[in-house]
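A.B. asks: quick check, what structure comes out for this input:
(one chain, ligands or ions: 1)
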Amino acid sequence: MTKRIALVTGGTGGIGTSICKRLHDDGYQVIAGYYSGGKHEKAQQWQSQLKEEGYHIALAYGNIRDYDSCAACIEGIKKDFGPVDILVNNGGITRDTTLRKMSPEHWDDVIATNLTSVFYMTRLVINDMLASHWGRIVNISSINGEKGQFGQANYSAAKAGMYGFTKAVAQEVASKGITVNTVSPGYIATSMIMDVPEEIREQIRMGIPVGRFGEPEEIARVVSFLAAEDGGFITGANISANGGQYMH
Ligand code: CAA
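C.D. replies: Numbering: from 1, shown residues only. Okay, the predicted model is just below:
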């Protein structure tokens, strides 16, 4: 059997890198979607570094906030590798601030990048998945979509929106061998968390029952589980991996 094609948006970031590595270890042809404001060199350096570690991961440029850019990205992948079998919607940003200070730009940036992008990318791969009667879509949400977070009205709304999207689409495509699920990471030791002021970060860490932040690999293994060949009966689900910080 030819290798399944896995696309990870935000693939060169903190959690994205671990997901790419894990799916590579699982035997898929992995493609890391990146944007980084058009800094192609940075992505190429990332790719070279991983190559030295034995990971052969392709790159695909695209602005997930822009439908035409997403379409060009998917077309390029189809041309070079074939249709996407596994889509991991992982790309996202934060623009943390309390609501009283939140501007329309803070709101729009986060909703477009973290939620509308999930519609764009999923819409662009779904017909090929339907045609091949197989597909895996994994949406990376957040503990803060589940519980809300002070200073993240925009981010919490976007991440919560993913659950509705996931469950609706899961119903539409279930009979065609396609699963759609969310993973909700808690606080993972990546640069996104390092943007939170140290004092607040420490308070958050103290509220995590396991007593530490998560590792990106601990999210990647959940994605790997959901993407697996024998994962066909898990759909419309959400798997939380948050060190016990939020239980429901
Ligand atoms: N609950 C209740 N009150 C809080 C609070 C909380 N969690 N955090 C701060 N406050 C209070 C402060 O004590 C202060 O009170 P006083 O005015 O009475 O002194 C007030 O709120 C501060 O309000 P401001 O509007 O002035 O807020 P700020 O500008 O000082 O900072 C913030 C706001 C930037 C959002 C800051 O609180 C912050 O960074 N919070 C962390 C947000 C966070 O967790 N982000 C997650 C990033 S990682 C990620 O997103 C990945 C993932 O999926 C988990």
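A.B. asks: okay, now the sheet partners of the helix or strand where Ala60 lies, with direction.
C.D. replies: Using DSSP states H and E, Ala60 sits in strand 58-61. Each strand paired with strand 58-61, and its direction, by DSSP bridges: strand 29-34 (parallel).
A.B. asks: using PDB, write out every CA atom in stretch 57-77.
C.D. replies: Coordinates of the C-alpha atoms in stretch 57-77 are reproduced here as PDB (Å, rounded to 0.1, in the frame of the first residue of the first chain):
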ATOM      1  CA  ILE A  57       9.100  15.900   6.100                       C
ATOM      2  CA  ALA A  58       7.900  17.900   3.200                       C
ATOM      3  CA  LEU A  59       6.900  21.600   3.500                       C
ATOM      4  CA  ALA A  60       3.800  23.300   2.100                       C
ATOM      5  CA  TYR A  61       3.400  27.000   2.300                       C
ATOM      6  CA  GLY A  62      -0.100  28.500   2.900                       C
ATOM      7  CA  ASN A  63      -1.900  31.300   4.800                       C
ATOM      8  CA  ILE A  64      -4.600  29.400   6.600                       C
ATOM      9  CA  ARG A  65      -6.600  32.700   7.000                       C
ATOM     10  CA  ASP A  66      -6.900  33.000   3.200                       C
ATOM     11  CA  TYR A  67      -9.100  30.600   1.300                       C
ATOM     12  CA  ASP A  68      -7.200  31.000  -2.000                       C
ATOM     13  CA  SER A  69      -3.900  30.400  -0.300                       C
ATOM     14  CA  CYS A  70      -5.300  27.200   1.300                       C
ATOM     15  CA  ALA A  71      -6.600  26.100  -2.000                       C
ATOM     16  CA  ALA A  72      -3.200  26.600  -3.700                       C
ATOM     17  CA  CYS A  73      -1.500  24.800  -0.800                       C
ATOM     18  CA  ILE A  74      -3.800  21.700  -1.200                       C
ATOM     19  CA  GLU A  75      -3.500  21.800  -5.000                       C
ATOM     20  CA  GLY A  76       0.300  21.800  -4.700                       C
ATOM     21  CA  ILE A  77       0.300  18.800  -2.300                       C
END
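A.B. asks: and that stretch, which residues are buried?
C.D. replies: Of the residues in stretch 57-77, those buried by neighbour count under the rule 16 or more other Cβ atoms under 10 Å are 57-58, 60, 62-67, 70, 72-74, 77. For every residue, glycine as well, the C-beta is placed using N, CA and C.
A.B. asks: again, but for stretch 195-207
C.D. replies: Going by neighbour count (16+ other Cβ under 10 Å), the buried part of stretch 195-207 is 196, 205.
A.B. asks: distance from that stretch to the middle of the chain?
C.D. replies: The gap between where stretch 195-207 is centred and where its chain is centred comes out at 23 Å by Cα atoms, centre = their mean, to the nearest Å.
A.B. asks: now what about it, what contacts it?
C.D. replies: Contact partners of stretch 195-207, identified using Cβ atoms under 8 Å, 6 or more residues apart in numbering, comprise 94, 96, 187, 193-194, 211-213, 245.
A.B. asks: and for stretch 10-19?
C.D. replies: For stretch 10-19, with Cβ under 8 Å, 6+ apart as the criterion, the contacting residues are 8-9, 20, 30-34, 36, 42-43, 46, 50, 57, 59, 64, 88, 90-92, 140, 185, 188-192, 215-217, 219-220, 223.
A.B. asks: filter these down to the ones in helices?
C.D. replies: When DSSP state H is applied, the contacts of stretch 10-19 are split such that 20, 42-43, 46, 50, 191-192, 216-217, 219-220, 223 fall in helices.
A.B. asks: okay then, goodbye and thanks.
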